[in-house]
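J.: Predicted model and sequence below, questions to follow.
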Amino acid sequence: MAEIRRVGVVGAGTMGNGIAHVFARSGFPVVLAEVDQPALDRGLSTIDKNLAREVAKGKLAQADSDAARARIAGTLDRRMLAGCDLVVEAATERFAVKQSLFQELDGLLGATPFSLQIPRRSPLPSWRLRRSARTALSACTSSTPCR
Ligand SMILES: NC(=O)c1ccc[n+]([C@@H]2O[C@H](COP(=O)([O-])OP(=O)(O)OC[C@H]3O[C@@H](n4cnc5c(N)ncnc54)[C@H](O)[C@@H]3O)[C@@H](O)[C@H]2O)c1
């Protein structure tokens, strides 16, 4: 498997901002893509609050928090995801939207080894996405197994 140097996250909502936070905390530069500015601002502001909470609790040095935050680049332009080695889609459960997003990512990512989709309790038919996205690796975050 190719080395992961840069991570993309699509969607800065409940899941996306947490995923971006964890990757940035772990040292990865992250491109966090959203569809509208208020949603992006909310996601980045949640990351700021969560990092500040970790600093206040003594779990993270201020310098490390600043460095993690500096690794996250928010954008409304999904073309900025080009060059990412891993993209986590955390935007939608709507199949048609997800399918079109994966097709777009396939075009953008070129040789990127894989994308990751996160179904919830009622997993989407991920085999259909694997067929629509050239190299999609599905992962379930719920107790219901991926199909
Ligand atoms: N919230 C959870 O507990 C949870 C748990 C497991 C899995 N999930 C799954 O994760 C995904 C996201 O869930 P969430 O709770 O974070 O949703 P959310 O509504 O909080 O956030 C989704 C975000 O994605 C953005 N978005 C939509 N289309 C986009 C696009 N084309 N490009 C960029 N951004 C886009 C929206 O503006 C929104 O801010 C869903 O598929 C959901 O089923 C959620």
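T.: Arrived safely.
J.: going forward, measure contacts and count neighbours with C-alpha atoms only.
T.: Will do.
J.: any chance you could map the helices in this structure?
T.: Ranges of helices within the chain are 14-25, 37-56, 62-70, 95-109, 126-132, based on DSSP state H.
J.: what's the longest one in contact with?
T.: Defining contact as C-alpha atoms under 8 Å, 6 or more residues apart in numbering, one finds that helix 37-56 is touched by 12-14, 16-18, 21, 33-34, 60-62, 65, 69, 74-76.
J.: Could you rerun that using 10 Å?
T.: 11-22, 25, 32-34, 57-66, 68-69, 72-76 (C-alpha atoms under 10 Å, 6 or more residues apart in numbering).
J.: Pick the most deeply packed of the helices of the chain.
T.: Comparing those by mean neighbour count (mean count of other C-alpha atoms under 10 Å), helix 14-25 ranks first with a mean of 21.
J.: Which ones, among the contacts of helix 37-56, also lie beside the ligand?
T.: Among these, the residues that sit close to the ligand (C-alpha under 6 Å from any ligand atom) are 11-16, 33-34.
J.: which of those residues sit farthest apart?
T.: Largest separation among those by C-alpha to C-alpha: Thr14 and Ala33, giving 13.6 Å.
J.: Just the CA trace of stretch 65-85, in CSV.
T.: Provided in CSV are the C-alpha atoms of stretch 65-85 (Å, rounded to 0.1, in the frame of the first residue of the first chain):
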residue,chain,number,x,y,z
SER,A,65,-2.6,22.0,19.3
ASP,A,66,-1.5,25.0,17.2
ALA,A,67,0.5,22.6,14.9
ALA,A,68,-2.4,20.3,14.5
ARG,A,69,-4.8,23.1,13.6
ALA,A,70,-2.2,24.5,11.1
ARG,A,71,-2.3,21.2,9.3
ILE,A,72,-6.0,21.5,8.5
ALA,A,73,-6.8,23.5,5.3
GLY,A,74,-10.6,24.1,4.9
THR,A,75,-11.9,24.6,1.3
LEU,A,76,-15.1,24.8,-0.7
ASP,A,77,-13.2,23.6,-3.8
ARG,A,78,-13.1,19.8,-4.0
ARG,A,79,-10.3,20.1,-6.6
MET,A,80,-8.0,20.8,-3.6
LEU,A,81,-8.4,17.1,-2.8
ALA,A,82,-6.2,16.2,-5.7
GLY,A,83,-2.9,15.1,-4.3
CYS,A,84,-4.4,13.5,-1.2
ASP,A,85,-3.3,9.9,-0.7
